[in-house]
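In: can't give you the sequence, but here's the structure:
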């Protein structure tokens, strides 16, 4: 059964492991009370072969130790929790995080201040080098992320983590894209501008790139507030305008970004990026109503999608999978991956498409794959198909 709190816990655990900020993980409160296994303790160790996850299986009369690489270990931890334990607790450098199951079987996610000191082996990793600096960063203060002493506010730690994760994910793509004169990034549906400001800060101040960014937002009060902050921060080539993804009046776009655009607004953003011949299209979809309504499954899968939650998840996968294929059809090399899972971003899938100079040679195969998927799920048309049907992609 899907449990959002458990999903958040394991996504956070993966972040702790990948950043080497995990001090200790304890799996406890065994499900099989007759089992000799009491608990499992997982730590990070450095071996000649590299960093590994060290598992200590604690029995009443003995301990068994095994090492796994990070990918294997992360899968194993989740499997052990699901099958053998009710509780799990992370002790990290920056905070502790636990998932506890009560007698009624309900789980509760709890955060608390860190209680353990990092091992000497990892002291050099204790303060993670983040792409976004806090000291003297005016926009972070104006957005309420840091206080007057340039320290991240406790209640904004997740948001600051999200911002940095966003920059870490996008930075490799900006190294692949040619930053030419008048390079223009359009951030559609910029909202309060957290990620828009961060990207401008990173590219101009950390990477010394000569770029300009336009944040497009329909709510007039947010447009005015963001422009005021940009002025205070002396971000001279960052402006916010009122508009929608479809109709905003913006000049030639080299990179189009649309994060958490609801339902078919993501398709409108992708289509606009395709029309603008953008070098890079970045989307984090939200809601997938269009395909879910079109499902007409008459094959072996019909019994599965008869369940609402499973139908919803299947719609998310198929919608984003078809989006990636349609982008490839129009000359983009695509990648679909997890963005970040926090309370701020329950929809955590990101689609990135990079324009390929030589284009895509296997268009017929892609078209056949799209049609096969649609036929299997009884889908007449994907909204992005409708938008791009008259577009000359040659």
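Out: Cool, got the structure. Nothing here was measured: the structure is a model prediction, and the numbers come from that model.

In: going forward, measure contacts between C-alpha atoms and count neighbours the same way
Out: Will do.

In: list the contacts of the one residue sitting closest to the centre of the chain.
Out: Of all residues in the chain, the one closest to the mean position by Cα atoms, centre = their mean is residue 339, 1.0 Å from it. By Cα atoms under 8 Å, 6 or more residues apart in numbering, residue 339 lies in contact with 165, 166, 169, 284, 348, 349, 350.

In: how close does it get to residue 273?
Out: From residue 339 across to residue 273, the span is 20 Å (Cα to Cα, to the nearest Å).

In: do residue 67 as well
Out: In terms of Cα to Cα, residue 67 sits 46 Å off from residue 273.

In: tell me which of those two has more neighbours.
Out: residue 273 (24 against 18; other Cα atoms under 10 Å).

In: and the helices in the protein?
Out: 4-18, 70-84, 138-142, 157-176, 194-201, 220-232, 265-275, 289-294, 308-329, 363-377, 383-388 (DSSP state H).

In: dump those into TSV; add distance to residue 242 and mean pLDDT as well.
Out: As requested, these are exported to TSV (distance: least, Cα to Cα, whole Å; pLDDT from 0 to 100):
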stretch	distance to residue 242	mean pLDDT
helix 4-18	34	89
helix 70-84	44	94
helix 138-142	20	95
helix 157-176	23	90
helix 194-201	15	96
helix 220-232	6	95
helix 265-275	16	89
helix 289-294	26	77
helix 308-329	27	85
helix 363-377	35	87
helix 383-388	23	80
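
In: deepest of these, which one?
Out: helix 265-275 (a mean of 24; mean count of other Cα atoms under 10 Å).

In: angle of that helix against helix 308-329?
Out: 10 degrees (axes from the mean of the first three to the mean of the last three Cα atoms, to 10 degrees).

In: can we start the residue count at 204 from this point?
Out: All right, first residue 204 from here; so that's helix 468-478.

In: elements contacting helix 468-478?
Out: Other elements packing on helix 468-478 under the criterion 3 or more Cα pairs under 8 Å, 6 or more residues apart in numbering; DSSP states H and E are strand 458-465, strand 483-489, helix 511-532, helix 586-591.

In: roughly how far is that helix from the heart of the chain?
Out: 19 Å (Cα atoms, centre = their mean, to the nearest Å).

In: got it, and stretch 577-584?
Out: 28 Å.

In: likewise for stretch 479-499?
Out: So, by Cα atoms, centre = their mean, the centroid of stretch 479-499 is 15 Å from its chain's centroid.

In: tell me the buried residues in it?
Out: 480-491, 494-495, 497-499 (16 or more other Cα atoms under 10 Å).

In: can you measure across it, start residue to end residue?
Out: 34 Å.

In: got the helices and strands packed on helix 468-478 as CSV, with distance to residue 221 columns?
Out: As requested, the helices and strands packed on helix 468-478 are exported to CSV (distance: least, Cα to Cα, whole Å):
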stretch, distance to residue 221
strand 458-465, 24
strand 483-489, 22
helix 511-532, 25
helix 586-591, 35
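
In: in a markdown table, list the helices of the chain along with distance to residue 299.
Out: Compiled in a markdown table, the helices of the chain are given as follows (distance: least, Cα to Cα, whole Å):
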| stretch | distance to residue 299 |
| --- | --- |
| helix 207-221 | 10 |
| helix 273-287 | 17 |
| helix 341-345 | 25 |
| helix 360-379 | 13 |
| helix 397-404 | 26 |
| helix 423-435 | 34 |
| helix 468-478 | 36 |
| helix 492-497 | 37 |
| helix 511-532 | 30 |
| helix 566-580 | 43 |
| helix 586-591 | 43 |
